[in-house]
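Participant: Let's see this in three dimensions:
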Amino acid sequence: MPQHIIVTEYNPEWTALFEKEAKLIKSILKENCVAVYHIGSTAVIGLKAKPIIDIMPIVYDLQKVDDIAEEFVKIGYEYMDKFGIVGRRYLRKGGDERTHQIHIFDINNKIDIERHLAVRDFLRVVG
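Facilitator: As a prediction, this is how the structure comes out:
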């Protein structure tokens, strides 16, 4: 079943939802985790958005993420491997009506990391 696209008013709780999920993600990734960023439209204060928390962890080694995929399943995520982007691991929570998306990149994948952060930062300036 396809996801319904809903755009809502900005919700100040999105930041807290990100922080809660980032803490769980860091506890799973452990020393492999370099950083965890809140990206996408819910990371832009005041912007109307699809109410899906986009999270971008940066890791040292994607293979280590694959090795612990089951840990993400235990907290409600579907582990969807690359899902169309080489060098990424994509996970979603909530199925077709998802509430969270994780986009994990290796620290050496500067192009995709910078692309996601640039879009977020641009929206923060013009939003």
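Participant: The closest residue to Ala22 other than its chain neighbours pairs with what?
Facilitator: Closest residue to Ala22 apart from its sequence neighbours, by Cβ to Cβ, 6 or more residues apart in numbering: Val36 at 4.3 Å. C-beta coordinates here come from the backbone N, C-alpha and C atoms, glycine included. On the basis of DSSP bridges, Val36 is bridged to Pro57.
Participant: Would you mind giving me the confidence score for Leu62?
Facilitator: For Leu62, the model assigns a pLDDT of 97.
Participant: The nearest residue to it once chain neighbours are set aside - how many residues pack around it?
Facilitator: Spatial nearest neighbour of Leu62, chain neighbours left out: Asp106 (5.0 Å); criterion: Cβ to Cβ, 6+ apart. By the measure other Cβ atoms under 10 Å, the count of residues near Asp106 is 19.
Participant: wait, what's in contact with Asp106?
Facilitator: Residues near Asp106 by Cβ atoms under 8 Å, 6 or more residues apart in numbering: 58-62, 87.
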